[in-house]
Structure formats: structure tokens, C-alpha cells
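A.B. asks: the following block contains a protein sequence and its predicted model.
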Amino acid sequence: MQYTVTSAYAFTDYRSQGQTISHVIVDIARPPTGGLTLFNLCVALSRSSGRASIRLLRDFDEKMFLCAHSADLLAEDDRLAVLDRQTMTWWSELTNSAKSATRTCTHIS
């Protein structure tokens with residue numbers, strides 16, 4: 001007897017962040033221990049290169065998509081938004097002062 005075998009590999013949603021995978025089979029059913037957050041679902045479902053190349057392994061509870069984000073995750077998102085604004089302001093000021101210094105040096109020469 002012979003069986004057809006297709007090579008594959010598996011990894012967690014954490015490991016898959018930032019990757020685009022040509023063909024994906026995603027298991028978003030509730031795990032036996034722990035749980036899934038909206039973040040986990042978003043990462044898992046956004047790894048494929050398109051709707052035609054993603055498949056769900058089994059049925060899932062649609063209520064998972066109606067959950068609210070955790071308060072800690074929302075607070076971290078707010079903290080990062082503040083840091084982003086501060087960095088953009090700092091970078092803008094740095095760029096403007098560098099341009100100003102270049103113009104001053106040009107006039108001195």
C-alpha cells in the first residue's frame with residue numbers, strides 16, 4: 001500500500017508575523033488550553049497572499065470575532081501611538097535643523 005505525502009511545516013502565529021506565505025491552512029478553532037485573541041486571529045488570517053490561497057482547517061466559533069481587545073493591548077497600542085508622534089516630531093525637528101545648518105554653511109562659504 002502507498003500513501004501520497006505532501007511535505008509541509010507548521011508554526012505559531014507569533015512566528016509567522018511579518019511573513020507572507022503562498023498557501024496557508026489555518027486552524028482557528030479554540031485550542032484545548034489557553035485561548036485565541038483577535039490579534040491571534042488577525043495574524044493567522046493575514047499570512048496568505050490572498051483569499052484563493054488560504055484554507056481553514058476546521059469549523060470555528062464565530063463569536064471569537066466579536067470579542068473586545070484586552071485592556072492591556074489597547075493601553076500598549078495607545079503608548080506606541082504616543083511614542084510614534086514623539087518620534088515623528090523629533091525627526092522633523094532634527095531634519096529641519098540639519099537643513100537650516102546646511103543653508104547656513106552654504107552662505108558662509
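C.D. replies: Thanks, I have it. What you see is a predicted model, and the numbers here were worked out from it, not measured in a lab.

A.B. asks: now do the helix or strand containing W91: which elements does it pack against?
C.D. replies: Element membership for W91 (DSSP states H and E) is helix 71-108. Packing partners of helix 71-108 (3 or more CB pairs under 8 Å, 6 or more residues apart in numbering; DSSP states H and E): none among the helices and strands. The way it works is simple: take the backbone N, C-alpha and C, and place the C-beta from them, glycine included.

A.B. asks: how about residues contacting stretch 59-79?
C.D. replies: Residues from elsewhere that reach stretch 59-79 (CB atoms under 8 Å, 6 or more residues apart in numbering): 28-30, 36-39, 41.

A.B. asks: now with 6 Å?
C.D. replies: Here stretch 59-79 makes contact (CB atoms under 6 Å, 6 or more residues apart in numbering) with 28-29, 38.

A.B. asks: please save the CA atoms from that stretch in CSV.
C.D. replies: The C-alpha coordinates for stretch 59-79 follow below in CSV (Å, rounded to 0.1, in the frame of the first residue of the first chain):
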residue,chain,number,x,y,z
ASP,A,59,-15.0,25.0,11.8
PHE,A,60,-14.6,27.7,14.4
ASP,A,61,-16.7,29.7,16.8
GLU,A,62,-17.8,33.0,15.0
LYS,A,63,-18.2,34.6,18.4
MET,A,64,-14.4,34.9,18.6
PHE,A,65,-14.5,37.7,16.1
LEU,A,66,-16.9,39.7,18.3
CYS,A,67,-14.7,39.8,21.4
ALA,A,68,-13.2,43.0,22.6
HIS,A,69,-9.5,43.6,22.6
SER,A,70,-7.9,43.2,26.1
ALA,A,71,-7.4,46.4,28.0
ASP,A,72,-3.6,45.8,28.2
LEU,A,73,-3.4,45.5,24.4
LEU,A,74,-5.3,48.7,23.9
ALA,A,75,-3.1,50.5,26.5
GLU,A,76,0.0,49.3,24.7
ASP,A,77,-1.4,50.5,21.4
ASP,A,78,-2.0,53.9,22.9
ARG,A,79,1.5,54.0,24.4
